[in-house]
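>>> Need a 3D model of the sequence below.
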Amino acid sequence: MLKEMPLRDNDAGTSEPSVAAQAGGCGPMLQADGAHYKPLKQQVFEQVRALGQVSRIALSKDLSISPGSVTQVSSELISAGLIEEAEPVHDASSRGRPPVLLQMRADAGYVIGMKLGDFVHSAVLVDHSGTQICQASLSSSEQALSAEALAEEGAVLMGLLLEKADMEKSQIKAVGVGLAGIVDHEAGIVPWSPLLNMRDVLLRRVLEDRFALPVHIDNDANMLTLAELWFGAGRARQSFAVVTIEYGVGMGLVLDNRLFRGSGGLGLELGHTKVQLDGALCRCGKRGCLEAYLADYALVREARIALDMKSEPFGPVDQMLETLYSQAKAGNERARTIFKRAGRYLSVALSNIVHLFDPKLIILSGERMRYDYLYAESVLSEMEELTLDRGRPPPEVDINVWDGFVWARGAAALALSAATDELFGQARAEA
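Have a look, this model is predicted:
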């Protein structure tokens, strides 16, 4: 039975916002090397959205184009109802008129971002400026479903979201959907997901048929990475890695402001890298996967044995994890041992990421980052000990605690990006 879940605010322990996050706007703040291949109108549009408010002369400098070109293109975007001039802010301490700033027309269009999850589905509705209008969530069926049944749950959630926003489906330009598993973003196929009872599912087609809207799908870890690139600590970085620990373990990689997906969606499945031959059973059906030692279900499995925590009276997985964490903080040595063991496996994973990709920044992101055992000093120290000493400082590790809607925000970024490409003539088939 589907039921509406209560909305949750950001965790009080969230790390300080980055400089990029304080700058306003949304989307990558730095220009990618290949950005000049985009239509000039799109470059200007995306730069206005990224900076929130910006003058024409600043756009000219940022994009290395003439002031005359900026004036012409911005006038066309204003006439098209996509951007507008902001009310000037007068500063009594400065002389002359303040520069006229450009900003997004928030009502130019809307998109929906949706995370289909093991226990909860979540969704957000955002405008073209990236501002969130509304959010909603539903409990999931908590079992593998057919594509049609999963799409139906998504449709129920969309209906709830539109009702809360008092909007019609016709106002929505695109829908981004993230889910766990192996997802071929370009083909719209899901070779495997714990949410589906079949393999090689043409999920995008099924969702588009049910939603009657353009749909873009991707792996949920990629959605979290897009959230960091568009709204979080990665906005002012051209390249970084993201690791998330939830009911599964995921990784995303941004190279030159672009999400790296691999050739068919199988790349960067960190949770299914092998850390123990013939080891613990993973939910993918293989043994020895990293997430079988580090993910939520792995911690709960350990807790049920070591602490004799049955499903009752401790309740759902989230409640069991909270109980386990509370006991660890209270000094229960068996509970502390479970988290410490998970932390050691995280150290191995982080060291492997350094050896494979050599990132300057690794972001540990998601709800579970409030469990400080997973990023304790001992974890980061062991990562450094396991990593080749190259005479250079180790990568920066940033901890970012988000609420449960971060995945949906990343899916909204996917939809915004796709809708923008469509708007300026870069259809999906040409991408």
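
>>> where do the strands sit along the stretch 201-350 of the chain?
Here the stretch 201-350 of the chain has its strands, by DSSP state E, counting those that start in this stretch, at 215-219, 240-245, 249-255, 258-260.

>>> and of the ones you listed, who's closest to residue 41?
Proximity to residue 41 (Cβ to Cβ) singles out strand 258-260 among those, at 20.2 Å. Every residue, glycine included, has its C-beta placed from N, CA and C.

>>> Within its sheet, name the partner strands of the closest one and how each one runs.
With DSSP bridges as the test, strand 258-260 is paired with strand 249-255 (antiparallel).

>>> what angle sits between the strand it pairs with and strand 215-219?
If you take axes from the mean of the first three to the mean of the last three Cα atoms, to 10 degrees, strand 249-255 sits at 110 degrees to strand 215-219.

>>> can you give me the angle strand 249-255 makes with strand 240-245?
170 degrees.

>>> List the contacts of residue 228.
Applying Cβ atoms under 8 Å, 6 or more residues apart in numbering to residue 228 gives the contacts 234, 235, 240, 242, 252, 254, 363, 365, 400, 410.

>>> tell me, which helix in the chain spans the most residues?
Longest helix in the chain, counting residues (DSSP state H): helix 333-357.

>>> Give the buried residues for that helix.
Judged by neighbour count (16 or more other Cβ atoms under 10 Å), helix 333-357 contains these buried residues: 335-336, 338-354, 357.

>>> before we move on, the earlier item: could you dump the contacts of residue 228 to a markdown table with pLDDT and distance to residue 171?
A markdown table is the format used below for the contacts of residue 228 (pLDDT from 0 to 100; distance: Cβ to Cβ, whole Å):
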| residue | pLDDT | distance to residue 171 |
| --- | --- | --- |
| 234 | 90 | 29 |
| 235 | 92 | 27 |
| 240 | 95 | 34 |
| 242 | 95 | 31 |
| 252 | 94 | 30 |
| 254 | 94 | 30 |
| 363 | 92 | 33 |
| 365 | 83 | 31 |
| 400 | 82 | 31 |
| 410 | 96 | 22 |
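
>>> closest to residue 120 among those residues?
Once Cβ to Cβ is applied, the member of those that ends up nearest residue 120 is residue 410, at 15.6 Å.

>>> how much space between the closest one and residue 100?
Note on residue 410: its distance to residue 100, by Cβ to Cβ, to the nearest Å, is 33 Å.

>>> more neighbours, those two?
Neighbours per residue (other Cβ atoms under 10 Å) separate residue 410 from residue 100, with residue 410 holding more: 34 against 13.

>>> before we move on, back to that, need the winner for burial among the strands of the stretch 201-350 of the chain.
With neighbours defined as mean count of other Cβ atoms under 10 Å, the strands of the stretch 201-350 of the chain peak in mean count at strand 240-245, which reaches a mean of 28.

>>> what packs against it?
The contact analysis (3 or more Cβ pairs under 8 Å, 6 or more residues apart in numbering; DSSP states H and E) places strand 240-245 against helix 220-231, strand 249-255, helix 333-357, strand 361-365.

>>> Can you name the element that comes right after the last one?
The first helix or strand that comes after strand 361-365 along the chain, using DSSP states H and E, is helix 377-386.

>>> can you pull the buried residues of that following helix?
Neighbour counts using 16+ other Cβ under 10 Å place 379, 380, 382, 383, 386 of helix 377-386 among the buried residues.

>>> Excluding covalently adjacent residues, which one is nearest to the second one?
So the one you mean is residue 380. For residue 380, ignoring the flanking residues on the chain, the nearest one in space by Cβ to Cβ, 6 or more residues apart in numbering is residue 397 at 6.0 Å.

>>> Tell me if I am right that that neighbour is in a strand.
Yes: under DSSP: H, G, I helix; E, B strand; the rest coil, residue 397 sits within a strand.

>>> so can I have TSV of the helices and strands packed on strand 240-245 showing distance to residue 52?
Below are the helices and strands packed on strand 240-245 laid out as TSV (distance: least, Cβ to Cβ, whole Å):
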stretch	distance to residue 52
helix 220-231	12
strand 249-255	21
helix 333-357	31
strand 361-365	22
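
>>> Mind checking those for the one nearest to residue 295?
strand 249-255 (5.2 Å).

>>> Need the residues that contact that closest one.
With contact meaning Cβ under 8 Å, 6+ apart, strand 249-255 is reached by 180, 219-222, 224-226, 228-229, 234, 237-244, 259-260, 268-271, 290-291, 294-295, 349, 353, 357, 359.

>>> at 7 Å what do you get?
With Cβ atoms under 7 Å, 6 or more residues apart in numbering as the test, strand 249-255 has contacts from 220-222, 224-225, 229, 234, 239-244, 259-260, 268, 270-271, 290-291, 294-295, 357.

>>> same check, this time on stretch 378-392
With Cβ under 7 Å, 6+ apart, stretch 378-392 has contacts from 343, 344, 346, 347, 348, 350, 351, 354, 355, 394, 397.
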